[in-house]
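Undergrad: quick one, what's the 3D model for this:
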Amino acid sequence: MAKILFNLGRWSYLHKKRVIAAWLLLFVGIAAAALGFQKGFNDVFEIKDVPSTHATEMLQEKFPGTKNPAESTDVNIVFGAPEGKKLEDPELMAAMDETVASLRNNVPDFKEGMQFGNPVELNDKLGKMLVDQMTKQGMPEATAKSDAENLRMYSADGRYGTMTFSYDVPLPADVTDEDRQAVYDAIQISRDAGMDVEVGGPGFGDPIAVEPISEIAGVVVALIILFFTFGSLLAAGLPLATAIVGVGIGALVTVGATAVLPLNSITPTLGLMIGLAVGIDYALFIMSRYRDELRQGRSRPDAIGLAAGTAGSAVVFAGLTVTIALVGLRLADIPFLSYMGYFAAISVMVAVAVALTFLPALLGACGSRVFRKDATFGQQYASALVGEDAAHGYFTGGPAGRGRAVRVGGDDGERQRAGDGQHKQGLASRWIKLVYSFPGISIAVVMLVLAALTLPALNLQLSLPNDKTANVDSTQRKAAEMLEEGFGPGRNAPFLVVVNGENANPDSPALATYIQGQADAQGGGGDTQGAEGQADAQGETAQGGNAQGAGDKTKAAAQASFIYAMENLGSNIHVKHAQLIGQSEDGLAAQLLITPEGGPTEEGTATLIHALRGQQNVIEKETGVDMGITGLIPIQQDVTDQLSDAMPIYLLLVVGLALVLLLMIFRSITVPIMAALGFLLSVGGAFGLTVLVWQEGWAGLWNSPGPLISFMPIFLIGVTFGLAMDYQMFIVSRMRERFKHESFEAAKTSKYTPVEDSVIFGFGMGAKVVTVAALIMIGVFASFIFQPLPFVQIFGFALGAAVLFDAFLVRMTFIPAMMVLLGKATWYMPKWLDRILPTFDVEGSQLERDFRSGEIQRFDDEGRALEPAEAPRPAR
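TA: So this is what the prediction gives:
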């Protein structure tokens with residue numbers, strides 16, 4: 001593969017105009033197709049084959065025209081009276097009437113419902129209507145009044161009122177800015193009258209979009225780091241240019257895919273975060289190696305070819321590990337999460353392709369303006385970072401025969417073959433020697449620090465976005481809190497129970513009392529159609545029954561099952577109220593409203609959903625009915641539960657596949673195991689710190705603490721694993737390169753063993769590029785903390801923390817220390833296993849040998865093929 005990448009990189013350099021034109025045409029073509037055919041994103045977090053799926057399907061079948069709760073576009077407007085006043089005061093009533101009229105007349109996609117209107121007037125009207133209707137159907141007056149009280153729109157203290165309408169659009173994502181602005185304009189009328197007025201509900205969530213300011217900030221941070229790395233603004237700009245092209249193509253492909261797939265609005269956001277970070281890093285890896293090759297006197301076409309064949313090989317495998325982790329999200333069997341993984345993986349693959357072709361073409365277009373062949377600023381920078389001895393090896397070192405970093409003397413082997421004497425040590429050189437001197441302590445410190453940071457993760461709470469998880473300053477969060485204060489926490493988390501009584505068992509002992517009660521009510525003069533039918537059924541049964549009687553008996557059993565289910569579910573200690581809110585036209589199906597004691601973010605609410613489903617199973621067995629629990633909160637809880645259940649399987653399979661890949665690359669049993677152990681430490685620390693700051697609100701760093709978004713853990717695991725393997729690839733491949741080609745010779749005149757030599761001097765060659773790459777990723781991810789949406793902020797923070805811990809504590813401390821302690825076992829590989837596994841020349845050793853032997857045709861800086869006699873010898 002290294003030879004293929006060598007030829008691809010050099011060809012791209014030599015045919016720069018074609019390659020640049022091809023990429024730009026591809027970009028424009030994809031943009032035109034995507035923007036022309038796209039159908040827009042949605043904000044639906046629904047999955048199939050979970051308990052709420054069956055309930056939702058039954059709801060839509062038995063009650064035609066009813067909307068899927070996950071696609072609800074309801075808007076809740078909550079009014080709060082000023083201190084010392086009540087909403088029923090005349091001036092406040094007038095203001096609310098004006099707000100109602102403005103909404104009805106000015107919201108473009110307005111759809112009125114029964115609960116829309118001045119909440120004070122509507123509360124009395126609907127309450128009286130509900131009580132009258134239910135008592136006429138035979139319900140005790142006390143029960144009817146309790147049901148009306150639970151649905152009240154005007155709080156008992158006169159302080160709060162609420163009303164609801166819907167946007168007449170298919171999905172919340174279809175709500176327009178014009179729709180939202182019309183609502184803001186309407187509520188401003190009541191605000192001007194002195195009231196607190198806030199808006200929430202599933203139809204009024206903030207649109208999911210990435211504000212450009214954070215992207216710009218991340219790019220600026222990356223540009224500054226790259227400038228100090230390469231010492232040239234032009235050179236610093238090339239990785240950014242390639243990353244922007246790559247992430248742009250990835251984002252456009254995602255947009256275009258909405259023409260055929262129902263993609264969630266978060267899908268392009270996460271692809272953008274990951275694509276931008278890896279796009280910059282992959283270009284950085286190749287450009288750093290390109291500069292190294294130039295330092296050795298290679299021509300520019302040959303230098304980029306060798307960089308693509310060596311660093312490019314590592315980029316391919318690094319991208320492959322990230323892709324495996326992202327595509328592996330399919331194991332969770334959640335469509336919206338799978339799509340997120342697929343399209344983020346596309347962004348990564350595009351980033352790899354851009355780094356291997358578009359970057360060499362840009363370098364060809366820039367020519368000698370990027371990197372001079374004498375060591376100047378870059379050499380000085382590397383010396384400051386890794387020390388002059390390691391920097392010299394970094395710029396000139398490599399496989400055997402190049403001889404740039406082979407030591408020939410000195411009690412610690414720090415004199416170069418060139419005899420340039422004792423050199424000062426840089427930060428990385430001093431650090432790796434500190435780790436070498438105290439490997440056990442280094443391992444213990446890293447494990448203790450990351451284990452301590454992991455502890456808060458034991459209290460991890462998960463939820464999907466809702467009004468209670470919004471920023472405390474948002475109108476959605478304020479509306480939810482006003483509803484909670486005026487009507488109780490459960491008002492924000494209603495459950496809908498659907499009962500299908502078609503197969504209710506009329507002979508069920510559990511229903512006998514309720515069926516008899518219906519007969520007694522009919523005998524006493526009840527006037528409902530259901531009661532009449534039930535009475536008829538009783539009479540027909542006494543006479544032996546007929547077709548009509550059987551139908552009435554079934555209906556009686558169905559009606560009885562509704563009351564039985566309502567009373568049993570309502571008896572749960574965490575249920576505030578249970579009530580019947582609707583029946584199908586044939587009277588064989590019903591909707592029950594369950595109002596919990598707790599709100600949507602409380603653990604007790606999730607526990608209640610599971611408890612109710614346990615009761616549901618018992619009711620179904622006792623009565624023969626078919627039941628289900630749905631609603632926005634139960635649907636979201638099902639998503640959360642399935643994600644939690646999928647995490648162990650995902651972790652096992654994805655990590656297992658990637659470890660096999662690392663085993664083939666590094667030809668070692670222990671290196672992949674160390675890589676996996678280090679990953680668990682870093683991802684655990686990132687989880688814990690994220691919980692501490694964003695869920696617990698530690699030190700007041702986040703003013704809106706609450707549950708983390710449900711798919712954050714599994715996505716964090718996947719992305720962190722992929723990025724961790726990137727750093728493992730780039731730093732350990734340098735150690736292996738040193739070990740294979742130079743360490744045994746160097747160990748003859750040094751106090752270091754070959755393994756120790758490979759760790760110390762391989763680290764020196766790889767530390768700089770990994771440090772820079774990690775800092776860029778941290779900068780890009782951290783910039784997303786300034787986004788307006790909390791879950792985007794949390795993702796940015798968690799990924800930034802994971803990169804920080806993995807790059808600096810795990811890959812640059814824990815892994816080298818483990819290798820020093822393991823000694824020869826570090827590179828142990830059973831011979832039988834080595835024979836059966838395919839070999840990948842990630843270090844490009846064979847490529848180097850073929851290039852040096854003249855087997856590969858060389859070119860000069862102008863792109864002219866050289867005869868063997870003309871080819872310059874590499875610098876020594």
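Undergrad: domains for the protein, by residue range?
TA: 2-37+209-404+428-459+638-853, 75-204, 495-630 (automatic domain parsing).
Undergrad: any idea how far apart the tips of the shortest one sit?
TA: Terminal residues of domain 75-204 lie 6 Å apart, using C-alpha to C-alpha, to the nearest Å.
Undergrad: rewinding a little: between the domains of the chain, which gets nearest to residue 860?
TA: domain 2-37+209-404+428-459+638-853 (5.0 Å; C-beta to C-beta). Quick note: C-beta positions are derived from backbone N, CA and C, even for glycine.
Undergrad: where in the stretch 401-550 of the chain is pLDDT low?
TA: For the stretch 401-550 of the chain, the stretches flagged by pLDDT under 70 are 401-425, 521-550.
Undergrad: got it, and the chain?
TA: 46, 208-210, 373-425, 521-551, 841-843, 867-876.
Undergrad: what segments of it are strands?
TA: For the chain, the strands defined by DSSP state E occupy 74-80, 110-111, 160-167, 196-200, 462-463, 495-500, 575-583, 589-596, 626-630, 708-709.
Undergrad: would a markdown table of those strands with distance to residue 786 and mean neighbour count be doable?
TA: As requested, the strands of the chain are exported to a markdown table (distance: least, C-beta to C-beta, whole Å; neighbours: other C-beta atoms under 10 Å):
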| stretch | distance to residue 786 | mean neighbour count |
| --- | --- | --- |
| strand 74-80 | 28 | 26 |
| strand 110-111 | 34 | 16 |
| strand 160-167 | 29 | 24 |
| strand 196-200 | 24 | 23 |
| strand 462-463 | 23 | 22 |
| strand 495-500 | 36 | 26 |
| strand 575-583 | 39 | 18 |
| strand 589-596 | 35 | 23 |
| strand 626-630 | 37 | 24 |
| strand 708-709 | 18 | 24 |
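Undergrad: for the nearest residue in space to residue 34 that is not next to it in sequence, the count of nearby residues, please.
TA: Excluding its sequence neighbours, the residue lying closest to residue 34 (C-beta to C-beta, 6 or more residues apart in numbering) is residue 256, at 3.3 Å. Counted with other C-beta atoms under 10 Å, residues neighbouring residue 256 total 20.
Undergrad: residue 272 too?
TA: Around residue 272 there are 21 residues (other C-beta under 10 Å).
Undergrad: residue 329: which of the strands of the chain is closest?
TA: strand 708-709 (14.6 Å).
Undergrad: report all helices and strands that the closest one contacts.
TA: Applying 3 or more C-beta pairs under 8 Å, 6 or more residues apart in numbering; DSSP states H and E, one finds that strand 708-709 makes contact with strand 462-463, helix 790-804.
Undergrad: and residue 750, how close does it get to residue 457?
TA: 43 Å (C-beta to C-beta, to the nearest Å).
Undergrad: looking at the two, which is more packed in?
TA: Set residue 750 next to residue 457 and count neighbours by other C-beta under 10 Å: residue 750 wins out with 22 against 19.
Undergrad: my read: that one touches residue 761, true?
TA: No: applying C-beta atoms under 8 Å, one finds residue 750 not in contact with residue 761, separated by 9.9 Å.
Undergrad: what's the burial count for residue 656?
TA: 11.
Undergrad: now residue 255
TA: Neighbour tally, residue 255, other C-beta under 10 Å: 23.
Undergrad: spit out the contact partners of it.
TA: Counting by C-beta atoms under 8 Å, 6 or more residues apart in numbering, residue 255 makes contact with 34, 35, 38, 268.
Undergrad: which among those count as buried?
TA: Burial by neighbour count, 16 or more other C-beta atoms under 10 Å: within the contacts of residue 255 this picks out 34, 38, 268.
Undergrad: surely residue 304 meets residue 362?
TA: No: applying C-beta under 8 Å as the test, residue 304 and residue 362 come out as separate, 10.3 Å apart.
Undergrad: between these two, point out the one with more neighbours.
TA: residue 304 (30 against 26).
Undergrad: what's near enough to touch that one?
TA: 9, 10, 12, 13, 286, 290, 293, 360, 363, 364.
Undergrad: state the distance from residue 741 to residue 190.
TA: 77 Å.
Undergrad: helices or strands next to the helix ranked longest in the chain in the packing?
TA: Criterion DSSP state H: the longest helix present in the chain is helix 632-666. Packed against helix 632-666 by the contact rule (3+ C-beta pairs under 8 Å, 6+ apart) you find helix 51-62, helix 300-327, strand 462-463, strand 495-500, helix 603-623, helix 670-690, helix 712-738.
Undergrad: quick one on the thing from earlier: tell me which of the strands of the chain approaches residue 482 most closely.
TA: Comparing these by C-beta to C-beta, strand 74-80 comes nearest, at 4.4 Å.
Undergrad: can you tell me what sits against the closest one?
TA: With C-beta under 8 Å, 6+ apart, strand 74-80 has contacts from 87, 92, 96, 99, 103, 119, 159-167, 183, 187, 190, 195-204, 479, 482-483, 486.
Undergrad: can you rerun that using 6 Å?
TA: Strand 74-80 is contacted from outside by 87, 160-166, 195-204, 479, 482-483, using C-beta atoms under 6 Å, 6 or more residues apart in numbering.
Undergrad: what's the answer for stretch 1-20, then?
TA: Here stretch 1-20 has contacts from 301, 304-305, 308-309, 312-313, 357, 360-361, 364-365, 841, 844, 847, 863, using C-beta under 6 Å, 6+ apart.
Undergrad: and of these, the nearest to residue 151?
TA: After measuring those against residue 151 - C-beta to C-beta - the closest member comes out as residue 357, at 63.2 Å.
Undergrad: ok, the closest residue to the closest one other than its chain neighbours - how many residues close by?
TA: Spatially, and ignoring its direct neighbours in sequence, residue 357 is nearest to residue 12 (4.5 Å; C-beta to C-beta, 6+ apart). Counted with other C-beta under 10 Å, the neighbours of residue 12 add up to 27.
Undergrad: what's the spacing between residue 12 and residue 281?
TA: Counting by C-beta to C-beta - residue 12 and residue 281 are separated by 19 Å.
Undergrad: and what of residue 233?
TA: 19 Å.
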